[in-house]
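A.B. asks: Predicted coordinates and the sequence they were generated for:
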Amino acid sequence: MTLARPDDRLALVDLLDRLLAGGVVLTGDVTISLADVDLVHVSLRALISSVETLARDGRPTP
């Protein structure tokens, strides 16, 4: 993998291609509370990757 110089432009398609080739994991937590009492807690986790990358790395595909 080569690193781009600051003066190089990176197209959106190239950025998406790089992200999908390696995979991206997104995580987040949301808590809704009232008067310091937690009412709702949602934990989010998402793996974004191409099927080709998952197959190459030996992960089962759905």
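C.D. replies: Good, I have the coordinates.
A.B. asks: what's the spacing between the longest helix anywhere in the chain and its chain's center?
C.D. replies: Using DSSP state H to define each element, the chain has its longest helix at helix 12-22. Computed by C-alpha atoms, centre = their mean, to the nearest Å, the chain-centroid distance of helix 12-22 equals 11 Å.
A.B. asks: If you count contacts, what does that helix end up packed against?
C.D. replies: helix 51-56 (3 or more C-beta pairs under 8 Å, 6 or more residues apart in numbering; DSSP states H and E). C-beta here means a position set from N, CA and C on the backbone, and glycine is covered the same way.
A.B. asks: Show the average pLDDT along the helix it packs on.
C.D. replies: Here helix 51-56 scores 71 as its mean pLDDT.
A.B. asks: what does stretch 15-26 give?
C.D. replies: In the prediction, stretch 15-26 has an average pLDDT of 79.
A.B. asks: Could you check the angle the next helix or strand after the longest helix of the chain makes with helix 12-22?
C.D. replies: Using DSSP states H and E, the helix or strand that follows helix 12-22 in sequence is strand 24-34. Calculated by axes from the mean of the first three to the mean of the last three C-alpha atoms, to 10 degrees, strand 24-34 forms an angle of 90 degrees with helix 12-22.
A.B. asks: Strand 24-34: what's the following helix or strand?
C.D. replies: strand 37-48.
A.B. asks: Kindly calculate the angle that that next one makes with helix 12-22.
C.D. replies: Using the same axes, to 10 degrees: strand 37-48 against helix 12-22 is 100 degrees.
A.B. asks: what packs against strand 37-48?
C.D. replies: strand 24-34.
A.B. asks: Determine the set of other helices and strands touching the strand it packs on.
C.D. replies: Right, strand 24-34 is packed against strand 37-48 by 3+ C-beta pairs under 8 Å, 6+ apart.
A.B. asks: Show me the contact partners of the strand it packs on.
C.D. replies: With C-beta atoms under 8 Å, 6 or more residues apart in numbering as the test, strand 37-48 has contacts from 19-20, 23-33.
A.B. asks: rerun that using 6 Å as the cut-off
C.D. replies: 24-33 (C-beta atoms under 6 Å, 6 or more residues apart in numbering).
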